[in-house]
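Engineer: No sequence on hand, only this structure:
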């Protein structure tokens, strides 16, 4: 028995220059440009057109048309002549389909092939209207997605850099690989997506390093290295890939509410309207609240002068170190909690910044590398390397703890 990947409905029971967020194109909604298309929606449209005899004349695909092919696949207005053996080799769905007895061409008792195809499009092979001696199988999927799926089956997957264009291709392949039970291709597609939407903090940091490097070149708000996290959530729900959800929800939570729900927002590019269910919108709201609380808790814990994990290595009270941490807390509080500057919605980023060497925190090495203004530390404070090391270790542990908490923040059952 083949595994079904389709999810059941889930009810809710209850050191960069810019923040490492994946922004949409400046002033343009990514949803309208790179929105993956649903095969279910296209089926209803195509079926309706078939009933009205309004379908245009189909055309052969220029590449996926093999002269020795044994079956013709029709998707929208495109014909693909391929090999049954190739499809059956990779897909349990097609293997079972081709093993079923097909109605004879002279059968007078069964409905017409067109009627059967509309009622049950997944199981009907038209043997009465062959094309160049090959039976025709109608697929109610986007022709572009079928083309990419067949290319991956014949030539191997050729995935890109996890940018929006690549996501459009990979998401289509993943949907069809899930639908037609092509397990090996589904696994490869999910592995590729996991590089941009990882399950480990190490993977997340590697992802963010790429985003920061791209944003340094293109400018703040201009980077388009990753697709919309809302589209990733929609895809994960559709193909039952819960491993993509924590990082996608976390990335989406870093947008301000105005960017999420208002299409023309002065604070930054908008991704509204969100293509999420009410349940996932609730998860997003609860997760954003939890992440903001995590930032407040992190800064408050540093404000305790008796914090044993930070200043406990001193045998006696060290006045300069205590003053140093007081300054650190004051700067972080002003920057993240009051001024709501860059990074204020990203607790992982805040913890990373707080763990930077003490002599570097708060200093502007250049006009383009200012983090907290022009405040500078005294020489005597910056020379306490022991405090710097302990602080870095503490924030590393805090980031690990936060990462493990993300599924709980967003009420994800994974």
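Structural biologist: Yes, it's here. Predicted, not measured: the structure shown is a model, and the values here were computed from it. Numbering: from 1, shown residues only.

Engineer: measure the closest residue to residue 196 other than its chain neighbours to residue 224 for me?
Structural biologist: Closest residue to residue 196 apart from its sequence neighbours, by C-beta to C-beta, 6 or more residues apart in numbering: residue 162 at 3.8 Å. Just so you know, the C-beta spots here come from the backbone N, C-alpha and C atoms, and that holds for glycine as well. Going from residue 162 to residue 224 by C-beta to C-beta, to the nearest Å gives 12 Å.

Engineer: Then residue 98?
Structural biologist: 42 Å.

Engineer: between those two, who's got more neighbours?
Structural biologist: For residue 98 versus residue 224, neighbours defined as other C-beta atoms under 10 Å are more numerous around residue 224 (21 against 18).

Engineer: from memory the more buried one sits against residue 164, does it?
Structural biologist: Yes: taking C-beta atoms under 8 Å as the contact criterion, residue 224 and residue 164 are neighbours in contact, 6.4 Å apart.

Engineer: pLDDT-wise, which helix or strand of the chain ranks last?
Structural biologist: helix 30-34 (a mean of 38; mean pLDDT, DSSP states H and E).

Engineer: rewinding a little: count the residues that sit near the residue nearest to residue 196.
Structural biologist: Neighbours of residue 162 (other C-beta under 10 Å): 20.

Engineer: Phi first, then psi, for it.
Structural biologist: Note on residue 162: its backbone torsions stand at phi 60, psi 20 [degrees, to the nearest 10].

Engineer: measure it to residue 240 for me?
Structural biologist: On the measure of C-beta to C-beta, residue 162 and residue 240 end up 20 Å apart.

Engineer: and what of residue 225?
Structural biologist: The value you get for residue 225 to residue 240, if C-beta to C-beta is used, is 26 Å.

Engineer: who's more crowded, the two?
Structural biologist: Neighbour count, other C-beta under 10 Å: between residue 225 and residue 240, residue 225 has more, with 19 against 13.

Engineer: tell me the SS of the residue nearest to the more buried one when sequence neighbours are not counted?
Structural biologist: Nearest residue to residue 225, sequence neighbours excluded (C-beta to C-beta, 6+ apart): residue 214, at 4.5 Å. For residue 214, the assignment made with DSSP: H, G, I helix; E, B strand; the rest coil gives helix.

Engineer: Check what pLDDT residue 214 gets.
Structural biologist: Looking at residue 214, its pLDDT reads 86.

Engineer: Please tell me I have it right and it contacts residue 226.
Structural biologist: No: look at residue 214 against residue 226 with C-beta under 8 Å: they stay out of range, at 9.2 Å.
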